[in-house]
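Engineer: What shape does this take:
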Amino acid sequence: MGIPDLSLFAFSTENWKRPPEEVSGLMGLFMTYLKKEIRDMNANGVRLKVLGDRQRFSESLQELIADAELQTAHNVGITLHICANYGGRWDMLQAVKAWQKSNSNLNLDSLTEASLAPYLSTADAPEVDLLIRTGGESRVSNFLLWQAAYAELFFCEELWPDFTGETLNQALVWFAGRDRRFGSSAPI
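Structural biologist: Down below sits the predicted model:
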């Protein structure tokens, strides 16, 4: 479909508040899919990047993530960002801390949008054009807050497991009909 980057929100920083057995099950699913899907990712040219704070994950999950990223690093068909233990607020906060560490000689007044952007977890990805929210919810839930500043928001009733290619096509057709202005009065 010509989409170079796709980001999926797999597990938010807030999801740790769920019951421990649910969190454990989700971590198990994540590990299973990391092991199972690498061959298909390579066959389809998918480059995997996991965004989020990995420190809270088990050592074995951290190793699986690093191995999966390494095994798919050469792929150029599409970059799949899996956001796990990710939150937009966390991303901005860690970016400011990283900027400050790299620029310890500068005053915080020197910080600009342009100087902060390279420190975001998505520094090598384009800004979000289309954000699809499933499950009948009408919120972004702390997902790519900085990166989705000018995203078009598409809401659908389907829960993620039921999301189909047909629904994706509906979202893309809807998106194609949007007049994107990025703050201007005329479409850009």
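Engineer: contacts, neighbours, all on C-alpha from now
Structural biologist: OK.
Engineer: for this structure, which helix is longest?
Structural biologist: In the chain, assigned by DSSP state H, the helix with the most residues is helix 20-43.
Engineer: How confident was the prediction at the closest residue in space to Tyr86 that isn't next to it in sequence?
Structural biologist: Distance criterion CA to CA, 6 or more residues apart in numbering; nearest residue to Tyr86, sequence neighbours excluded, is Gly52 at 4.1 Å. Note on Gly52: pLDDT of 96.
Engineer: returning to what we had before: show the average pLDDT along the longest helix of the chain.
Structural biologist: 95.
Engineer: mind exporting the very next helix or strand once past that helix as CSV, just the C-alpha atoms?
Structural biologist: Toward the C-terminal end, the helix or strand that comes next after helix 20-43 (DSSP states H and E) is strand 46-51. C-alpha atoms of strand 46-51 as CSV (Å, rounded to 0.1, in the frame of the first residue of the first chain):
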residue,chain,number,x,y,z
VAL,A,46,9.6,-5.6,7.6
ARG,A,47,12.0,-3.8,9.8
LEU,A,48,11.0,-4.1,13.5
LYS,A,49,11.7,-1.3,16.0
VAL,A,50,10.3,-1.5,19.5
LEU,A,51,9.7,1.9,21.1
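Engineer: Let me see the contact set for the residue nearest to Tyr86.
Structural biologist: By CA atoms under 8 Å, 6 or more residues apart in numbering, the contact list for Gly52 reads Cys83, Ala84, Asn85, Tyr86, Gly87, Asp91, Ser121.
Engineer: Among these, which ones are in helices?
Structural biologist: Short answer: those in helices (DSSP H) are Asp91.
Engineer: Please convert the contacts of Gly52 to a markdown table, extending it with pLDDT and neighbour count.
Structural biologist: Output for those, formatted as a markdown table (pLDDT from 0 to 100; neighbours: other CA atoms under 10 Å):
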| residue | pLDDT | neighbour count |
| --- | --- | --- |
| Cys83 | 96 | 22 |
| Ala84 | 96 | 21 |
| Asn85 | 97 | 22 |
| Tyr86 | 97 | 25 |
| Gly87 | 96 | 24 |
| Asp91 | 97 | 22 |
| Ser121 | 96 | 23 |
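Engineer: in the protein, what residue sits furthest out from the centroid?
Structural biologist: Asn105 (31.5 Å; CA atoms, centre = their mean).
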